[in-house]
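Trainee: what shape does this take:
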Amino acid sequence: MSNATKSTILYVDDDSDDCIFVRTSIEDAGNKANLICANNGEEAVNYLNSISDTSLPSLIVLDLNMPRWDGRRTLSYLKSHPHLASIPVVILSTSENNIEKEACERLGAVSYLRKPCHYDGYKGIVANFFSHIKA
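Mentor: Next up, the predicted model:
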């Protein structure tokens, strides 16, 4: 897990509590990954375009329903820009809509996960995140 412990995850969600749950779950798992939180897709894209390619995150986790740029628009942007397209993107949403899931997978998401209702559910979600980080 040495590569994952040095990795950076960009978590994009308008609910700041969810960012705290993910951060705590990563720490509870004993992982030292750096978690950066953005409130919406536009903020995330501005951040990604402001850093060097060598500082890009190892994984991006996107909520679907956010103000400004939602998850679909953000995912489309990421996959249409060559310097960002290779970053794995996991969708984490309250939506269980299969049409939504298939649309995100067609746009290039590596995984579509249902947002847990309770903190304990985030532990399994975090394990899924690290399965997508390349060594």
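
Trainee: report the separation between Ala33 and Glu102.
Mentor: 29 Å (CB to CB, to the nearest Å). For every residue, glycine as well, the C-beta is placed using N, CA and C.

Trainee: check Ser58 too.
Mentor: Counting by CB to CB, the separation of Ser58 from Glu102 is 25 Å.

Trainee: what's the local residue count around Ser131?
Mentor: Ser131: 12 surrounding residues under other CB atoms under 10 Å.

Trainee: neighbour count for Ser58 and Glu102, which is higher?
Mentor: Ser58 (20 against 11).

Trainee: residue contacts, that one?
Mentor: 4, 7-9, 33, 87-88, 133-134 (CB atoms under 8 Å, 6 or more residues apart in numbering).

Trainee: using PyMOL, define a selection of the buried residues within the residues you listed.
Mentor: A single PyMOL command is used to select the members of these judged buried by 16 or more other CB atoms under 10 Å:
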select buried, resi 4+7+8+9+33+87+88+133
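
Trainee: closest one to Met66 out of the contacts of Ser58, please.
Mentor: Set against Met66, the nearest of those by CB to CB is Ile9 (17.0 Å).

Trainee: now do the host helix or strand of the closest one: which elements does it pack against?
Mentor: Using DSSP states H and E, Ile9 falls within strand 8-12. Using 3 or more CB pairs under 8 Å, 6 or more residues apart in numbering; DSSP states H and E as the contact definition, the elements that strand 8-12 packs against are helix 16-28, strand 34-38, helix 41-50, strand 59-62.

Trainee: residue contacts, Lys79?
Mentor: 85, 89, 107-108 are the contacts of Lys79 under CB under 8 Å, 6+ apart.

Trainee: need the three-state assignment for it.
Mentor: helix (DSSP: H, G, I helix; E, B strand; the rest coil).

Trainee: so for it, what's the pLDDT?
Mentor: According to the prediction, Lys79 has pLDDT 97.

Trainee: how near is it to Ile87?
Mentor: 9 Å.

Trainee: likewise for Gly121?
Mentor: 25 Å.
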